[in-house]
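Peer 1: sequence? don't have it. structure:
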């Protein structure tokens, strides 16, 4: 049939890289990114929540301890102020001989220490001194280096001891002003303790200060740290789980994909497949499917190139064989008539070979041109008018007239490439002209496509039509089927193949059918091209 131009179907419809939307950084729509973010935030929230909860618990425990000590100290101070352990009138003072006896007879809970200072802030008595309690840790063995250091040390020169005594003195001095004092400070041994100092009153007279200390703050803090451990362990477990999931679901699949890509490169494999990864509904699954599609497309393109090369070799060998035979026979002919026939045959084969090489070159460049050329807005009415105007202004000898019937509103806008689309319509018109008989015509019509909402371009002729078995075959490479009497070799068989490639690259469709009359007789061929309004490909 018609001299049509086409390349492999595997090459058709390949979208241009620059026209694809660029991938954007997305977090909300990313399942994998959302999972990683949630796991990391969860571990941080566990630690943050645990720290807040335990901080409030610690503050509550310390405050409760301070309130408890304050209640005990006020009770003991009131009792001490009402007892007959004061002397002197009219300004009573503490009897410093009776205070130690009272401290010895008064129950002081274990872990607490009571001390009394007089109105001048001087030390009077200590519950540890008047009882059999021995606070602190056991002494080191005699003769040990630690014992030697303890014997050589001067407590008065120890900065910790001096600091503890200074803090206690400031607390006692403040309590002598008449207001109870509550502090969290360190003892002479460096332990943290809750200290409460309450003034001892007789009527309104301040006789001294009762200080009550509890050295169990470190135990409270240790309990706090122990209570924090479950939160820390849970946060650690969540972080480890997050890291493990990152390794299993991100790192390992990416390494597998990288290894597979290297295998394709090094072993020249044609395809790559990961069934277990392609089923995933996240970015790794998208990547695996994209890689498989890419390698499959490359494999199909390589197969198409190999088939194209084989077809080209076969098509070129035919005229070369004919030329070689004619040259071998040329020396054997004796009459001028025979020599002229051989010369004409040689010229015909040369022209055929030239046309074939030209069409092959155009077909091989078409895919690269489609990839480089960007989609632009164009008007199909204007494009078809310009193409048909060439045939109308410079008609071929004995060629049928080309008639354009625009049936679509103007402008008929779409996104496409005017150069390749112009080639589509020229190839279809050339094909129709080559089959149109004397007195016939080629009709080109443009209308709206009612089914898909795009544009429909129809090219009709009055020729013999297409054999029913070849309605699809005519779009294959190097297919030619000419009626009797047509010059052999005038067509390369690539025109309709290129038509399909360009149309599919624009997201459209093209097919062939026969025109029939009321008596079911074939009256010509019809080629229909449907193109989308907005150019969904390319």
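Peer 2: Perfect, I can see it now. Here the structure is a predicted model, which is why all the values come from computation and not from measurement.

Peer 1: so how far is residue 500 from residue 428?
Peer 2: Using Cβ to Cβ, to the nearest Å, residue 428 is found at 11 Å from residue 500. The C-beta positions use only the backbone N, C-alpha and C, and glycine is treated the same way.

Peer 1: typo on my end, residue 128
Peer 2: Relative to residue 500, and taking Cβ to Cβ, residue 128 is found at 104 Å.

Peer 1: the closest residue to residue 126 other than its chain neighbours: how many residues sit nearby?
Peer 2: Excluding the flanking residues, the one nearest residue 126 by Cβ to Cβ, 6 or more residues apart in numbering is residue 115, at 4.6 Å. Using other Cβ atoms under 10 Å, residue 115 has 21 neighbouring residues.

Peer 1: ok, whichever helix or strand residue 115 is part of: who's next to it in the sheet?
Peer 2: Element membership for residue 115, per DSSP states H and E: strand 112-118. In the sheet, strand 112-118 lines up against strand 123-126 (antiparallel), strand 205-214 (antiparallel) (DSSP bridges).

Peer 1: dump the ones you listed into JSON lines; add mean neighbour count, mean pLDDT and distance to residue 160 as well.
Peer 2: Shown next, in JSON lines, are the strands paired with strand 112-118 (neighbours: other Cβ atoms under 10 Å; pLDDT from 0 to 100; distance: least, Cβ to Cβ, whole Å):
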{"stretch": "strand 123-126", "mean neighbour count": "18", "mean pLDDT": "85", "distance to residue 160": "18"}
{"stretch": "strand 205-214", "mean neighbour count": "23", "mean pLDDT": "86", "distance to residue 160": "16"}
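
Peer 1: quick one: closest of the ones you listed to residue 65.
Peer 2: strand 205-214 (6.1 Å; Cβ to Cβ).

Peer 1: for the following helix or strand past the closest one, packing partners?
Peer 2: Where DSSP H and E defines the elements, the next helix or strand beyond strand 205-214 is helix 217-246. Judged by 3 or more Cβ pairs under 8 Å, 6 or more residues apart in numbering; DSSP states H and E, the packing partners of helix 217-246 are helix 31-82, strand 192-202.

Peer 1: deepest of the ones you listed, which one?
Peer 2: The highest mean neighbour count among those, using mean count of other Cβ atoms under 10 Å, belongs to strand 192-202: a mean of 23.

Peer 1: for it, name the packing helices and strands.
Peer 2: helix 31-82, helix 159-175, strand 181-186, strand 205-214, helix 217-246.

Peer 1: quick one: mean pLDDT for it?
Peer 2: Averaging pLDDT along strand 192-202 gives 85.

Peer 1: that strand pairs with which strands, parallel or anti?
Peer 2: Partners of strand 192-202 in its sheet, by DSSP bridges: strand 181-186 (antiparallel), strand 205-214 (antiparallel).

Peer 1: and the helices in the stretch 301-450 of the chain?
Peer 2: Using DSSP state H, counting those that start in this stretch, the helices of the stretch 301-450 of the chain run over 336-372, 380-393, 418-435.

Peer 1: turn the ones you listed into JSON lines, columns for mean pLDDT, distance to residue 159 and mean neighbour count.
Peer 2: Compiled in JSON lines, these are given as follows (pLDDT from 0 to 100; distance: least, Cβ to Cβ, whole Å; neighbours: other Cβ atoms under 10 Å):
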{"stretch": "helix 336-372", "mean pLDDT": "78", "distance to residue 159": "81", "mean neighbour count": "15"}
{"stretch": "helix 380-393", "mean pLDDT": "88", "distance to residue 159": "96", "mean neighbour count": "16"}
{"stretch": "helix 418-435", "mean pLDDT": "88", "distance to residue 159": "91", "mean neighbour count": "21"}
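
Peer 1: compare those helices and give me the one nearest residue 41.
Peer 2: Closest among these, using Cβ to Cβ: helix 336-372, at 43.8 Å.

Peer 1: who are the neighbours in contact with residue 455?
Peer 2: Counting by Cβ atoms under 8 Å, 6 or more residues apart in numbering, residue 455 touches 380, 408, 412, 414, 446, 447, 448, 449, 530, 531, 533.

Peer 1: who does it bridge with?
Peer 2: Bridge pairing for residue 455 - DSSP bridges - gives residue 448, residue 531.

Peer 1: and residue 26, what's its pLDDT?
Peer 2: 46.

Peer 1: ok, now residue 120?
Peer 2: 85.

Peer 1: now residue 526
Peer 2: Confidence at residue 526, expressed as pLDDT, is 93.

Peer 1: in space, what's closest to it - neighbours in sequence excluded?
Peer 2: residue 460 (4.8 Å).

Peer 1: what about that neighbour, how many residues nearby?
Peer 2: 22.

Peer 1: touching, it and residue 440? I think so.
Peer 2: No - the pair residue 460 / residue 440 is not scored as a contact, 10.0 Å apart, by Cβ atoms under 8 Å.
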